[in-house]
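Novice: no letters, just coordinates:
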């Protein structure tokens, strides 16, 4: 909580280059999922990533990889056809960043035009290899 408050006090992103790099990493993962390349989805994930979904235990990299292999298979009902992010906020300070966004995802087999909307708060860590997704909380939005 202290981290989020400290980053919030900084205001908008420190540099456009950092924001562009974060957007690029997020978008690359989404495009990989749509294209049926699930192992590429986690390319920018930290080895020690932990994601929280309501009602489920925290998920580490191995659990996430397994889930993406099903969700991002490239064909079949219940797999991702499109994933679009709407970015609400980038808070960047030094080697840490918080990204708030909303996903609108259409799964194969859903009625035409129907989307699943999910809220995401992501914490990213700058490493010598670039930005890595380290922690997150993800929850569905009601229609």
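Specialist: It's in. The model shown is predicted, which means the values in this text are computed figures rather than measured ones.
Novice: immediately after the longest strand seen in the chain, which helix or strand?
Specialist: Within the chain, and with DSSP state E defining each element, the longest strand by residue count is strand 80-93. Scanning forward in sequence from strand 80-93 by DSSP states H and E, the next helix or strand is strand 96-107.
Novice: what mean pLDDT does that next one have?
Specialist: The average pLDDT within strand 96-107 is 97.
Novice: name the helices or strands packed onto that strand?
Specialist: Using 3 or more CB pairs under 8 Å, 6 or more residues apart in numbering; DSSP states H and E as the contact criterion, the secondary-structure elements in contact with strand 96-107 are helix 2-8, helix 16-34, strand 80-93, strand 116-127. (Each C-beta comes from the backbone N, C-alpha and C, glycine too.)
Novice: any chance of the ones you listed in a markdown table, plus mean pLDDT?
Specialist: Converted to a markdown table, the helices and strands packed on strand 96-107 look like this (pLDDT from 0 to 100):
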| stretch | mean pLDDT |
| --- | --- |
| helix 2-8 | 42 |
| helix 16-34 | 97 |
| strand 80-93 | 97 |
| strand 116-127 | 97 |
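Novice: can I take it that residue 77 is in a strand?
Specialist: No: membership of residue 77 in a strand is not supported by DSSP: H, G, I helix; E, B strand; the rest coil, which gives coil.
Novice: any idea how many residues pack against the spatially closest residue to it that is not a sequence neighbour?
Specialist: By the measure of CB to CB, 6 or more residues apart in numbering, the closest residue to residue 77 outside its immediate chain neighbours is residue 109, 3.2 Å from it. Residue 109 sits with 11 neighbouring residues when counted by other CB atoms under 10 Å.
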